[in-house]
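Enquirer: The sequence and its predicted three-dimensional model are supplied below.
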Amino acid sequence: MPNSTFRIENVSIEGFKAFTNQQTFYFWSRHVFLFGQNGLGKTSIVEAIRWCLFGLASRPGEIVKNQFYDGPCVVQITLAASDGQWTMQRRLRLSGGDSDIIIRDPSGLARNLEDVFPQLSRIGPREGTHVIYAAQQPSSRRPEADITDFSYVVYRYLGLEEVPRLSDVLLALSKDWTHQEDEICQEVEALGETLSHRISGVEESIIRITSDPPWGDFLTPTASDTQDKVDQLVREAEQLGVQCSSEELESSTPDEKLYEVETAIHSFLSGESVGLGQKLTALSSMIQSAEVQLENGQAEIHQIQEQSRVLETLIDDLDSALDGSQIGDLEEQLQSVEVDLESTQLKLDVVRSSLKYFEAIGDETPPDLCPICEGSILLGELKLQLKRVETSSDHKSTEILQQRERLRESIATARQLSERIEAKHTDIAQHRSDLEELLKQASQTYDLSFPASIEHLGNYVDEIRKGHKNLQSVLDSQREALKTWESRIEKVRQELRFHHLLALKRRLQRLRDVRYDALHSSLKDLADLRDIADEIRSLISSQLQDRLRDDLPPVAQEMTEVYLRLTGSPTFDSISIRQGEKTDGSMTLDLRVSSSRGPGTWGVEHGILNGQALNAIQLVPYFVFSRYQSDPLLDLLLLDDPTQAFDTHKINLLLTELANAASHATLFVATHEEDRFLPILKNYFNPDDVKAYKAVKISEDGPLFEDVPIPL
């Protein structure tokens, strides 16, 4: 790193605030005055330099990129040093918030900002006047990115900046240790509450066990007694044939032994139970199948018996209907009756026709002549005879019809009964066939003697039912044995848990006692450390106050003199510096103003100063404290319209102070009062040491500047 100071050679600006396309301004290590009316881009150059150095906007949330330009937002400063030209470039990220800086030495190698300027600092308000410097301090000292606290400005220039920092560190440590002490106190209380709660819970568990003790009415067993019970369970399980060896478990803990016994017993008895259960399931399936077949066979037999009874009834009905005859005989009788009926009907028709004829001819035929053959007859006698024949034939026809109907009904009944009898024979034959097939399948399925009968199948069902019952009894015994073992194991486990709870209670009580002692010791150590920090801080504060009582009055007097030179004779004509503390207890210095007209002091922040006085007092710290700086690497004074609240006749006073500061700093002054500054610059500066630009207008490419010659 070079040993000489840096001076600005040129500034290149693109896309920053008023600028669009890239423009470069050459200063050649000289002081710069920027003239022009407001709104033409002067401030953009001043802000571009400050932004390139710090990456900070003037106001929170301020947008530094030109919103009408699609290109990047980049500012690059070229710095002249004894070893050549350095470049510092800051580029806004695409997100539009943060930015990145790249510093390159004369060889083009990238360097870290903290290595080049370990204490790059800024003094001043957010906008307007800015004092920028980078002191030649060891890189181990903390760099300041932004000094806006007046207290640290004073401490820094008096070479005391580490003292209040140390005091603040000690204050923070004291607060932190106090906080830790409070936390430990809370931890002590929480630990006590937690351990008491745990101990209480353990005691409740012990009470629950002893209220229904697993050891019964015997004396409370010792841990050794319970261990003997575990070993006894192992031996009994081994005798039962369980895969559980007392020799293999000799080195195991009682809990491990109990776990192995429980696992082995459960596996052994459950395995047997599983086998028995599978057999029971198979038997149940066989019983269900055999019972279904038995029920089906019994149903077939019942059907055969029922159908046989119905068949017998039908046969009796048929015999009654035939009355010793056959259906063919009845059919022959029916045929003979049909012939008789036809003959009788024919005869009846002839008689009736004759009578109808006699009625038709009436008295036209002689009484003694036959109307058909005209033979001699007794006509009256003939009519009487015909009527008698009609009556006799009609009666006979009715009897024949009744006989025919009886024969027809008997034949129909006989035929219907015959059909039903035939159907019953078929049904009975089918049921017999089904029963025979069912018994054949049962004989094959259940290995019964052939030909099997329904009695054989019933006996088989009874036998497998007995086998199922016996097997179920064995399974119940196995399950009961498993429950007995589980009960014994659970009781021994409760005994083991009882002894574990007793041991846990003792450990918790010891832990509570030990932790309480350790935490109380920690509390004492923290209290001692806090007292030491408070004593050191009190000593530092006392010595700092002694030092400030000697150093502050001369500094305040110098500030007053500069302030009066800049403002003339203001109402508040005296500056003082008062020691104090912030609300958090850290040290602070307040800049106060007072008046020779009356008592009392006021803080600058109280708003009692007019615009001229307030603007001047922002410049005072730099003009006073800069003389205490020893050869800073970078020393810039950026002034944006410093005369905006100054009276016209104060310009000479301001230039006098600026000329004094120019002996070690680079000046960048932006003002709209060209007519007041330019004619008198020769009275305070060598024209070769000053470079002037004038803003003339704003174009699409951004602000346009032209060179302004310095009058000789």
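Expert: Structure's in. What do you need?
Enquirer: Pass me the low-pLDDT residue ranges in the stretch 501-650 of the chain, would you?
Expert: The stretch 501-650 of the chain contains residues with pLDDT under 70 at 515-517, 519, 568-569, 605-607, 610-612, 615, 618-619, 621-632, 643-650.
Enquirer: quick one: the helices in it?
Expert: Taking DSSP state H, counting those that start in this stretch as the criterion, the stretch 501-650 of the chain contains helices spanning 611-625.
Enquirer: what does the chain give?
Expert: 42-54, 113-116, 150-157, 162-211, 223-239, 254-322, 327-361, 379-445, 454-567, 611-625, 651-661, 674-677 (DSSP state H).
Enquirer: So which of these is the most surrounded?
Expert: helix 42-54 (a mean of 23; mean count of other Cβ atoms under 10 Å). C-beta: built from backbone N, CA, C; applies to glycine.
Enquirer: about what we covered before: out of the helices of the chain, the one nearest residue 88 is which?
Expert: Among the helices of the chain, helix 42-54 comes nearest to residue 88, with 6.0 Å by Cβ to Cβ.
Enquirer: Show me how far the closest one is from its chain's centre.
Expert: Helix 42-54 sits 48 Å away from the centroid of its parent chain (Cα atoms, centre = their mean, to the nearest Å).
Enquirer: average pLDDT across that helix?
Expert: Average pLDDT, helix 42-54: 88.
Enquirer: measure the residue lying closest to residue 104 once chain neighbours are set aside to residue 170 for me?
Expert: Once flanking residues are discounted, residue 104 sits nearest to residue 87: 5.0 Å by Cβ to Cβ, 6 or more residues apart in numbering. Applying Cβ to Cβ, to the nearest Å, the value for residue 87 to residue 170 is 42 Å.
Enquirer: same question, residue 577
Expert: Noted for residue 577: a distance of 23 Å to residue 170, by Cβ to Cβ.
Enquirer: go on, residue 83?
Expert: Residue 83 sits 42 Å away from residue 170, going by Cβ to Cβ.
Enquirer: ok, residue 215 - how many residues close by?
Expert: For residue 215, the neighbour count with other Cβ atoms under 10 Å is 18.
Enquirer: Could you measure from it over to residue 232?
Expert: Residue 215 is 13 Å from residue 232, by Cβ to Cβ.
Enquirer: and what of residue 63?
Expert: Noted for residue 63: a distance of 87 Å to residue 232, by Cβ to Cβ.
Enquirer: try residue 88
Expert: According to Cβ to Cβ, residue 88 stands 89 Å off from residue 232.
Enquirer: swap in residue 432?
Expert: From residue 432 over to residue 232 the distance is 69 Å, taken as Cβ to Cβ.
Enquirer: Specify the stretch among the helices of the chain that is closest to residue 26.
Expert: helix 42-54 (12.4 Å).
Enquirer: For residue 66, list the residues it contacts.
Expert: Residue 66 makes contact with 15, 16, 17, 18, 19, 20, 73, 702, according to Cβ atoms under 8 Å, 6 or more residues apart in numbering.
Enquirer: Take these and keep only those in strands.
Expert: Judged by DSSP state E, the subset of these located in strands is residue 702.
Enquirer: among the contacts of residue 66, which ones are buried?
Expert: 15, 16, 17, 18, 19, 20, 73, 702 (16 or more other Cβ atoms under 10 Å).
Enquirer: mind putting the residues you listed in TSV, distance to residue 538 included?
Expert: What follows is those, written out as TSV (distance: Cβ to Cβ, whole Å):
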residue	distance to residue 538
15	54
16	50
17	50
18	54
19	54
20	59
73	51
702	58
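Enquirer: with these in mind, which one is nearest to residue 480?
Expert: Using Cβ to Cβ, the buried ones among the contacts of residue 66 come closest to residue 480 at residue 73, 89.2 Å.
Enquirer: Let me know the pLDDT of the closest one.
Expert: For residue 73, the model assigns a pLDDT of 93.
Enquirer: What's the separation between it and residue 97?
Expert: Here residue 73 is placed at a distance of 12 Å from residue 97 (Cβ to Cβ).
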